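Asker: Got a predicted model here, sequence first, then my questions.
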Amino acid sequence: MKWPVSIPIKQAALILISGVLVLVSLIGGFALHEMRNVSRNLMQSNQTAARTEMVAAVERLSNQIKNQAGTLAHWDETRQQLVAPEYYTYWRDQRVYEGGMLSRFARVALYDQTGTMLGSSTAKDGLPAKLPAHVPPHLPSSWLSNEAGIITLYYGFPIYSDERRLALLGHGLIRLNYMAELLNQNSLRFTDTTSVKLDLKPGDILPASDLLSNLRLSARPDPEQLRFQAILSRALLALLVLLAATALLAFVAHNRLLVRPLRQLSQDIDAMKQGRFDSDLAQAEPMRVSELENIRRSLFDYQVQLRELHGSMEHQNREFRSQARQDVLTGCYNRRAYEEDWTRFREEIKAVPQGVAFLLFDCDRFKSINDTYGHAKGDRVLTLIADALVMALRANDRLYRLGGDEFAAILLRTTPAQARQIAQRCQSLLEAKKFSDLGINEPISISIGIAFCAADQLEHIDELPKQADIAMYTAKQPGRNRVALYGDDVERASQTLVASRETSAVFQALATPGMIEMHYQSIHSLPGLEVKYYEALARIRHHNDLIMPDAFLPVVSSRRLETGFDLAVLQQVDLDLSSKQLPPGVGVSINLTAQSVSQPEIVSYLLELSRHNTRHPLMIEIAETSLITQVAEARTYLDLLRTAQYRIAMDDFGTGHSPLRYLADLPVDVVKFDISLVRKLEENNRAAQVVMDFARMMTSAGYSLTAEGVETEAALRKVESMGFAHVQGFLLNRPLPLAQLVANLDARKTDGPLPA
Amino acid sequence: MRIKLFCLLILLFPAAIQAGVIDLEMRPGIRTSAEYLVGDRSKPAVLLLHGFLQTREFHTVATLGNSLHGAGYTVLMPTLSLNIPNRTQSLACEAIHRHSMDEDIAEITRWVSWLKSRGHQRIVLVGHSFGSLQLLAYLNAQPDAAVEAYIGTSLIETRIAPMSRPALIAQLNDRVQRKQHDLVTQTVSLCRKYTAPPEDLLSYVVWDQARTLNAVKDSPVRMLLIMGDADKMLGRNWIKALQHIQAPMVIVQGANHFMDAEHEFDLLEHTLDFLQKVPASP
């Protein structure tokens, strides 16, 4: 399941706050836009209203003037002037206003029938002395003119002698400052009076009927609307500022109250995850958010527990590590420690070049001592040897028990002479040991091989173990003082154990997957000879040559490569089983040394290999001869492997020194009688009888017996009669590569059984 | 009696038998009109004249005229032109008064002549307020023989202020003589600001109380004054002065200058009473 990508809380907060701000800005922008729309509409409405009220004002003024003209026309005193104009000036300048006939902003003049003004025109009047010709005689007319920037309205009207209009007495002409009168009306609420303009050039005349079409005006800005707009804009701005400030404060508060504490908690958790407990949560400042504070306290408690547990585990790890690197018998470092230290050392020395000596110790004739005095005394001898070597080595030098009776030491910052001296000291201290207290009368001695690498020759550092091995064997040769320095004491040419074809093949096989080739020999059940197992036998394919075990096993043994080789064998067996070429239900038996069974990585691989058990029952064969020193470790791991459905077989039974002891100590299911014992069965002598009785006893004890190396029918019949459960040998089948075995099986299915 | 008069009034308009507006040109360019209501020709025709600066449409005069017509009398209700062509509106006090008593008398004369031209040989002059004075002035001048009687309702003298009449007269005379024709504004009768040329104003101002009383006393025809004792427009003691000269007079109790409200009936009643006492034509 793929978890979604997580983002920092600060980023999340930023995103959230940004989102809120963006959203609010959008809403604010929308509100502003709408407000502007409304304002625009209101302005348009105002403009329309201004236009409407202006139209009404124009109409009102027109009606007012028309009414005034009508009133004047019908006024008795007007007719009086046209008949008796002696006091016309008084009438014009005073009487018309006193009588309420004319507004103070207007002037009137009377014209007789000839169109001549009664009285004389004055500058104040601005009225023409003669009635304009365009004034119709019997109809009122109105026009505007631009007189030096002042829009003036003229209204001419006929005056009759009576209501029946029997006789035209003359005309009246009203003149007024039109704009002043128009804009002076209190009813103009929407119109901006300063904007009212008439499109009339100076000197031009415009009929009053065309007034509206030439009138330009703008609406008065609504102060309430403007104020509302300003208030709303300020409110929106204030809201935005407030929100921004709030968002900022929220971000800061969020940062301080949540982000920082969470980040600190996260860092503390990461530190604990990485095993670092340097941050002290107890000293941390309490968090202001109670939930976070609870988390911090819980984390602190957990940290304390974890620290204690870590310390305990560290201690236990050190203990385990120490135990894993310690040889149980002698107390010195074991082979595992040797391999780890040697690997690390080879890397570290490149940084600090120095002279290095590799010492290899081997107990002379240890096998015979072990066989003669028993394993217990043999172990005690090894212990005393280890003690002597440890005392002889320098304080910082380590002694490794590589296995059996072989020890090694790596001396740093040394010279060949110093190494030889130390080796001599080892010999001396060993000689001082009183092995006679153990009841051992033979002299116990060790052979020491020394290999030295100078600081300027570190490119050859990897050859030290082999060189020390050669030197050690050289030291064993008669005439040597059991200390040999490679180079000085060993002829470089006589490298009997180095650069052989088998040695090369073994090392190549370990490095090259596929060079180890497994051949499978069938193990048949008795009676019936049904194939129950195939024993997997290792070969090395080297340059088209097949190298047999008797050629490469000594190399494996002498180079202490058992574990690596067995691991390579297991990997190849795993590949073969995974290919599912073998028929299901048929088991596979794998040969391993006791050393390998004691190695965690081998056991771990075997446990993984056990997944094939459902298809192919698995069996582990351990040679009796390899069980000299690892009985206890072998037992532990064999018990574990049995729980994984492995069957345990003791291979080459009868070739070792204490077969019954191994059967008593180890969880063995199957005992494979060695070919040497099987051949004895064919003889008719006491040895054969012993073997038969032994076989019967083991069968009675519940062991399943397998006879190896059956090459004759007589042997086959014999083992069958003795109750052997399985049989194996060239009589039945030779070991074959997997591909050939599968081909044979396929052919058998179609053509019948193939010859062995 | 009142009920009858009331019914008469009600029937007045729908029952208008003959009515017409008569136009006459009094002077060149000055035409005026009168409402002519034809009644019983056996009865004297009544020339009913309105008050100062008013028209025949004034309610006291219109009502009385129509009522008299309703009573069977021929009524002529002229509107003095006051030198305004086709005057139809009451002239404001502040107007330029280009008219004089003489011109008023001349117009009355024309209307009397017109009545006579219509066959009315018996004419009774009835005036209201200043119209009563104007008719009196006509009678004081050279009345037509057809005029048989005169009723002056709410006869008023030409009151002036603040200047004393002799001083004003002297001043006006002086201006006239010096041909100074600038308009003069003076309080005259009911007008606080009466504006007129000096000669025209003088024609009215000379009709002081004495002259008016003399005109009453010297009326060549039978006359009756119908006055209201609640007439506040009259000068102080004016009724007393009239009583002093024993002018034939009826005082309507509670009536004001305009004889309105219920005093319309009183006015009509007294007018009809007087008219009925005018001897019939032979």
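Answerer: Everything's here; your move.
Asker: Give me the pLDDT for residue B:2.
Answerer: Residue B:2 carries a pLDDT value of 74.
Asker: if you count residues, which helix in the chain comes out on top?
Answerer: Defaulting to chain A. Looking across chain A with DSSP state H, the single longest helix is helix A:9-74.
Asker: meant chain B actually
Answerer: Max-length helix for chain B by DSSP H is helix B:101-117.
Asker: With only the CA atoms kept, save that one in PDB.
Answerer: Coordinates of each C-alpha in helix B:101-117 appear next as PDB, following Å, rounded to 0.1, in the frame of the first residue of the first chain:
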ATOM      1  CA  MET B 101     -63.900 110.800 -12.800                       C
ATOM      2  CA  ASP B 102     -64.700 112.700 -15.900                       C
ATOM      3  CA  GLU B 103     -63.900 109.700 -18.100                       C
ATOM      4  CA  ASP B 104     -66.000 107.500 -15.700                       C
ATOM      5  CA  ILE B 105     -68.900 110.000 -16.000                       C
ATOM      6  CA  ALA B 106     -68.400 109.900 -19.800                       C
ATOM      7  CA  GLU B 107     -68.700 106.200 -19.900                       C
ATOM      8  CA  ILE B 108     -71.800 106.300 -17.700                       C
ATOM      9  CA  THR B 109     -73.200 108.800 -20.100                       C
ATOM     10  CA  ARG B 110     -72.500 106.400 -23.000                       C
ATOM     11  CA  TRP B 111     -74.200 103.600 -21.300                       C
ATOM     12  CA  VAL B 112     -77.200 105.700 -20.500                       C
ATOM     13  CA  SER B 113     -77.300 106.700 -24.100                       C
ATOM     14  CA  TRP B 114     -77.000 103.100 -25.100                       C
ATOM     15  CA  LEU B 115     -79.900 102.200 -22.900                       C
ATOM     16  CA  LYS B 116     -82.000 104.800 -24.400                       C
ATOM     17  CA  SER B 117     -81.000 103.600 -27.800                       C
END
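Asker: Now the element after it, going C-ward?
Answerer: Downstream of helix B:101-117, the first helix or strand assigned by DSSP states H and E is strand B:123-128.
Asker: who does that next one pair up with?
Answerer: For strand B:123-128, sheet partners with direction are given as strand B:45-49 (parallel), strand B:147-153 (parallel), following DSSP bridges.
Asker: Can you redo those as TSV, where the extra columns are mean neighbour count and mean pLDDT?
Answerer: (C-beta placed from N, C-alpha, C; glycine too.) As requested, these are exported to TSV (neighbours: other C-beta atoms under 10 Å in any protein chain shown; pLDDT from 0 to 100):
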stretch	mean neighbour count	mean pLDDT
strand B:45-49	30	95
strand B:147-153	26	94
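Asker: Could I get the buried residue list for the helix or strand where residue A:300 lies?
Answerer: With elements delineated by DSSP H and E, residue A:300 resides in helix A:290-324, which encompasses its position. Using 16 or more other C-beta atoms under 10 Å in any protein chain shown as the test for burial, helix A:290-324 gives A:292, A:295-296, A:299-300, A:303, A:306, A:310.
Asker: Now find how far off-centre it is within its chain.
Answerer: Relative to the mean C-alpha coordinate of its chain, helix A:290-324 is positioned 25 Å out (C-alpha atoms, centre = their mean, to the nearest Å).
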